[in-house]
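S.K.: Sequence unavailable; structure follows:
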């Protein structure tokens with residue numbers, strides 16, 4: 001049965017409805033926070049102490065990651081460059097608008113209003129990153145309507161999960177290894193499990209890259225690589241915590257990068273470097289240090305974590321991704337389970353170890369700031385002593401390291417379950433017939449949803465590529481025959 005994929009009414013209709021909803025919700029609930037409200041400023045207010053100067057540099061860096069990093073990275077398919085970059089642009093813009101509201105109701109809502117500042121935008125972009133990571137699992141196989149619906153449903157599920165884990169389980173996860181990477185990964189896998197396409201299990205003729213598309217994708221990798229320290233450190237405590245986060249992220253990324261080159265050459269049958277490894281595996285260290293990025297884990301531990309994450313990610317691409325597609329109905333298009341799932345699990349485990357090993361001897365009194373759950377509760381005499389050493393220290397829960405480790409484990413399982421179930425439910429909605437889902441033969445092809453330039457013809461280009469491959473094979477065979485003849 002042929003299903004229409006025209007966006008003529010679907011896309012304008014969806015956008016119109018959502019814009020009306022946004023306007024109403026923003027009008028009713030969104031106002032300025034103290035640092036953006038003119039009424040709160042006076043002669044005694046120092047403008048240089050405005051939170052904008054503290055938060056905007058991180059917001060700008062994450063912006064580059066979201067729109068340039070992810071956008072270019074997802075443009076690696078030869079015939080789906082428009083889709084990778086432009087649908088990333090569309091989905092990201094919508095996700096940020098929606099996340100400001102959804103997260104606002106849980107994190108910034110008081111006196112009946114969501115109080116808006118740059119920090120809201122930073123948090124919203126983290127929620128957006130979750131959606132874009134999940135997008136990677138279904139790249140090239142979905143319509144823009146399906147992607148917007150995925151963002152519409154994933155953002156509130158993420159906001160509720162984030163709020164519940166941070167408020168009630170109370171965990172350490174500065175770099176988002178649990179709440180961003182694990183959630184995004186298993187949500188995306190849940191979606192692609194429901195949207196399983198048996199016709200694509202043996203591959204697709206247009207599921208190829210080109211010289212130009214691979215260069216564009218590596219540019220995305222470089223944008224993500226350069227700005228990842230800002231991503232991991234944006235929400236850490238200012239001062240030494242943030243300083244450590246930047247150092248650990250850079251060290252982890254550096255070690256994972258050189259390891260990726262070595263593994264790529266080692267496992268290549270001809271001893272050459274594979275571009276897909278450079279585009280993805282080099283980034284593994286940024287995720288692997290995430291859960292412990294602000295802790296006193298030592299620089300050498302960050303270096304080792306980069307190597308561990310890179311190795312797990314590389315082997316996942318080589319062996320696990322084909323296994324999941326063949327035996328578990330999970331067609332993970334960009335291998336998000338390797339770059340975000342496996343590394344996220346390693347990072348979460350290391351974070352638990354770091355919590356168990358944390359002592360006052362190593363951290364001093366600041367341990368109760370970094371591990372706020374371990375601070376003495378209200379009324380405890382030790383809290384008064386610590387507050388004299390650390391002004392502004394808030395009462396904690398009085399947990400031991402062992403107790404907190406168990407809460408970290410609980411958060412990991414809760415996040416995976418919530419994301420996987422949410423992903424499957426979202427996939428069921430995305431599977432409805434009016435979502436303009438492309439047919440198997442139209443996947444990975446920009447012509448389905450875009451007016452293409454006159455020099456683009458995926459069918460002709462594909463025929464030419466196949467013809468060239470055949471000629472190269474024939475030439476190679478003729479050369480071998482000539483060599484054999486000469487040897488006689």
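M.R.: Perfect, thanks for sending it. Please read these numbers as outputs of a predicted model, since none were measured by experiment. Numbering: from 1, shown residues only.

S.K.: Can you read off the pLDDT for residue 24?
M.R.: Residue 24 is assigned 98 on the pLDDT scale.

S.K.: ditto for residue 479
M.R.: 41.

S.K.: hey, where'd the strands end up in the stretch 101-250 of the chain?
M.R.: Residue ranges of the strands in the stretch 101-250 of the chain, as given by DSSP state E, counting those that start in this stretch, are 109-110, 113-116.

S.K.: how about those, which one is nearest residue 333?
M.R.: strand 113-116 (35.0 Å; C-beta to C-beta). All C-beta atoms are positioned from the backbone trio N, CA, C, and that covers glycine.

S.K.: So what's the residue count around the nearest residue to residue 225 once chain neighbours are set aside?
M.R.: Spatial nearest neighbour of residue 225, chain neighbours left out: residue 253 (5.9 Å); criterion: C-beta to C-beta, 6 or more residues apart in numbering. Neighbour count of residue 253, defined by other C-beta atoms under 10 Å: 27.

S.K.: isn't residue 125 right next to residue 60, touching?
M.R.: No: with contact defined as C-beta atoms under 8 Å, residue 125 does not reach residue 60; the gap is 10.4 Å.

S.K.: the more surrounded of those two?
M.R.: Neighbour totals were compared for residue 125 and residue 60, and residue 125 leads with 26 against 13 (other C-beta under 10 Å).

S.K.: how close does that one get to residue 169?
M.R.: According to C-beta to C-beta, to the nearest Å, residue 125 stands 23 Å off from residue 169.

S.K.: same check, this time on residue 121
M.R.: Residue 121 is 26 Å from residue 169, by C-beta to C-beta.

S.K.: Residue ranges in the stretch 301-450 of the chain under the pLDDT threshold?
M.R.: Applying pLDDT under 70 to the stretch 301-450 of the chain flags no residue at all.

S.K.: and the strand or helix carrying the residue nearest to residue 225, which residues are buried?
M.R.: For residue 253, the element it lies in under DSSP states H and E is helix 240-267. By neighbour count on 16 or more other C-beta atoms under 10 Å, the buried set for helix 240-267 is 241-242, 244-257, 259-260, 263-264.

S.K.: neighbours around residue 379, how many?
M.R.: Other residues close to residue 379 by other C-beta under 10 Å number 8.

S.K.: looking at this, it is in a helix?
M.R.: No: Residue 379: not assigned to a helix; according to DSSP: H, G, I helix; E, B strand; the rest coil it is coil.

S.K.: Work out the gap between stretch 206-218 and the centre of the chain.
M.R.: Centroid separation between stretch 206-218 and its chain, computed with C-alpha atoms, centre = their mean, to the nearest Å, is 21 Å.

S.K.: what pLDDT, on average, does it get?
M.R.: 95.

S.K.: Buried ones in it, by neighbour count?
M.R.: 206, 208-209, 213-214, 216-218.

S.K.: And the contacts of that stretch?
M.R.: Defining contact as C-beta atoms under 8 Å, 6 or more residues apart in numbering, one finds that stretch 206-218 is touched by 72-81, 140, 200, 275-276, 278-279, 443-445, 458, 462, 465.

S.K.: redo that, cut-off 6 Å
M.R.: Under the criterion C-beta atoms under 6 Å, 6 or more residues apart in numbering, residues 72-73, 75-76, 78-79, 81, 275, 279, 444-445 lie in contact with stretch 206-218.

S.K.: And the helices in the stretch 101-250 of the chain?
M.R.: Under the criterion DSSP state H, counting those that start in this stretch, the stretch 101-250 of the chain contains helices at 118-135, 144-164, 183-194, 211-233, 240-267.

S.K.: Measure how the longest one sits relative to helix 211-233, angle-wise.
M.R.: By that I understand helix 240-267. Going by axes from the mean of the first three to the mean of the last three C-alpha atoms, to 10 degrees, helix 240-267 is angled at 150 degrees with respect to helix 211-233.

S.K.: Can you name the element that comes right after helix 240-267?
M.R.: Next along the chain from helix 240-267, counting by DSSP H and E, comes helix 275-280.

S.K.: which helices and strands does that next one pack with?
M.R.: helix 211-233 (3 or more C-beta pairs under 6 Å, 6 or more residues apart in numbering; DSSP states H and E).

S.K.: nearest spatial neighbour of the spatially most central residue of the chain, skipping sequence neighbours?
M.R.: The centre of the chain sits closest to residue 133, judged by C-alpha atoms, centre = their mean, with a distance of 4.0 Å. Nearest non-adjacent residue to residue 133, counting by C-beta to C-beta, 6+ apart: residue 184, 3.6 Å away.

S.K.: who's in contact with that neighbour?
M.R.: 130, 133-134, 340.

S.K.: Residue 161 versus that one, what's the distance?
M.R.: 11 Å.

S.K.: for residue 139, same thing?
M.R.: For residue 139, the distance to residue 161 - C-beta to C-beta - is 24 Å.

S.K.: Looking at those two, which is more packed in?
M.R.: residue 139 (25 against 22).

S.K.: ok, now how distant is that one from residue 332?
M.R.: Taking C-beta to C-beta, one finds residue 139 at 10 Å from residue 332.

S.K.: now do residue 60
M.R.: Using C-beta to C-beta, residue 60 is found at 31 Å from residue 332.

S.K.: Pull the number of nearby residues for the closest residue to residue 132 other than its chain neighbours.
M.R.: Of all residues not flanking residue 132 in the chain, residue 70 sits nearest, at 4.7 Å (C-beta to C-beta, 6+ apart). Residues lying near residue 70 (other C-beta under 10 Å) number 27.

S.K.: and what of residue 360?
M.R.: Neighbour number of residue 360 under other C-beta under 10 Å is 11.

S.K.: can you list the domains in this structure?
M.R.: Split into domains by automatic domain parsing, the chain comes to 26-357+400-448, 464-488.

S.K.: any chance of these in a markdown table, plus distance to residue 376?
M.R.: Rendered in a markdown table, the data for the domains of the chain read as follows (distance: least, C-beta to C-beta, whole Å):
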| stretch | distance to residue 376 |
| --- | --- |
| domain 26-357+400-448 | 12 |
| domain 464-488 | 67 |
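
S.K.: Show me what counts as buried in whichever strand or helix holds residue 17.
M.R.: Assessed by DSSP H and E, residue 17 sits inside helix 10-29. The neighbour-count check on helix 10-29 (16+ other C-beta under 10 Å) flags 10-11, 14, 22, 25-26, 29 as buried.

S.K.: ok, so of the contacts of residue 184, who is nearest residue 381?
M.R.: residue 130 (42.0 Å).

S.K.: Just give me the neighbour total for residue 33.
M.R.: Counted with other C-beta under 10 Å, residue 33 comes out at 17.

S.K.: how close does residue 304 get to residue 408?
M.R.: Using C-beta to C-beta, residue 304 is found at 20 Å from residue 408.

S.K.: So for those two, which sits in the more crowded spot?
M.R.: residue 408 (22 against 17).

S.K.: Angles on the backbone of that one, please.
M.R.: phi -60, psi -40 (degrees, to the nearest 10).

S.K.: from memory it sits against residue 353, does it?
M.R.: No: between residue 408 and residue 353 there is no contact under C-beta atoms under 6 Å: 10.1 Å.

S.K.: Can you pull the residues that touch both of these two?
M.R.: Counting by C-beta under 6 Å, 6+ apart, nothing touches both residue 408 and residue 353.

S.K.: follow-up on the earlier one: can you tell me which of the buried residues of helix 10-29 lies nearest to residue 153?
M.R.: residue 14 (13.0 Å).

S.K.: Great, nothing more from me.
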